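*Asks:* Need a 3D model of the sequence below.
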Amino acid sequence: MVSLSTWFRYIAHKFEYSLSLSWKSYKRGQISDREVGDAVWKNLFQGRLTYLHWNKGQEMTPTIGDQGGTLLVRKLPAADPTRVFVGDVVVVKDPENSDNHLVRRLAAIEGYEMVSTDEKDEPFVLEKDQCWVLADNEKLKPKEANDSRIFGPVPMTDIVGRVIYCLRTAVDHGPVQNSHFSMRKDLPVLEVELDVEEMAKNHKA
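*Replies:* Okay, the predicted model is just below:
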């Protein structure tokens with residue numbers, strides 16, 4: 001049973017998401033200033049703050065199992081340092097194929113100095129709106145991991161969501177370990193929208 005305080009926090013998150021989404025549409029010229037209010041209420045009462053995403057591969061082991069997993073992903077209307085934090089597991093557009101998405105952990109954001117283990121590589125600082133994402137599986141070589149060590153920094157705007165729950169099998173599932181800030185912010189969303197039975201039905205393994 002979800003508590004009343006959790007529902008209030010959840011509605012606040014939905015309102016913030018609706019406002020951000022509507023403002024984004026307005027700035028792009030997709031809706032007029034008269035339609036902004038209607039769009040906010042429409043987004044508030046329709047749809048969810050999460051979606052299911054199937055991920056396969058060993059790149060994110062042990063967070064996601066070797067055989068893949070069904071993930072509950074929180075939608076992000078805009079990814080910036082106030083909404084996404086270092087340590088978060090995120091869904092990001094594949095830099096080599098924009099139709100595809102990768103699941104990686106956010107390792108660094110703008111302003112971080114990146115120093116390579118290879119002395120031949122010069123240190124550099126991530127520029128505004130850039131981020132560095134890494135696979136969790138430390139046993140993989142960089143080419144196998146297919147992360148920022150191969151394709152370099154990615155724009156923060158390419159982050160489309162944060163993974164908040166993982167179902168590896170029907171009996172092996174649980175919240176994903178993200179940054180402390182994100183786990184606290186995502187808790188009401190997780191409590192209201194998590195449906196393990198639905199995730200199990202959509203599980204492909």
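*Asks:* Now do the SS call for the residue nearest to the spatial centre of the chain.
*Replies:* In the chain, the C-alpha nearest the mean C-alpha coordinate belongs to residue 162, at 2.0 Å (Cα atoms, centre = their mean). Three-state call for residue 162 (DSSP: H, G, I helix; E, B strand; the rest coil): strand.
*Asks:* Next: residue 190.
*Replies:* Here residue 190 takes the helix state, with states given by three-state DSSP.
*Asks:* quick one, what contacts it?
*Replies:* When contacts are counted by Cβ atoms under 8 Å, 6 or more residues apart in numbering, residue 190 touches 72, 164-165, 175. To be clear about C-beta, it is placed using only N, CA and C from the backbone, and glycine gets the same treatment.
*Asks:* Next, the contact list for the residue nearest to residue 153 when sequence neighbours are not counted, please.
*Replies:* Spatial nearest neighbour of residue 153, chain neighbours left out: residue 130 (4.1 Å); criterion: Cβ to Cβ, 6 or more residues apart in numbering. Counting by Cβ under 8 Å, 6+ apart, residue 130 touches 109-110, 153-156.
*Asks:* who's residue 130 bridged to?
*Replies:* residue 155 (DSSP bridges).
*Asks:* From residue 109, how far out is it?
*Replies:* 8 Å (Cβ to Cβ, to the nearest Å).
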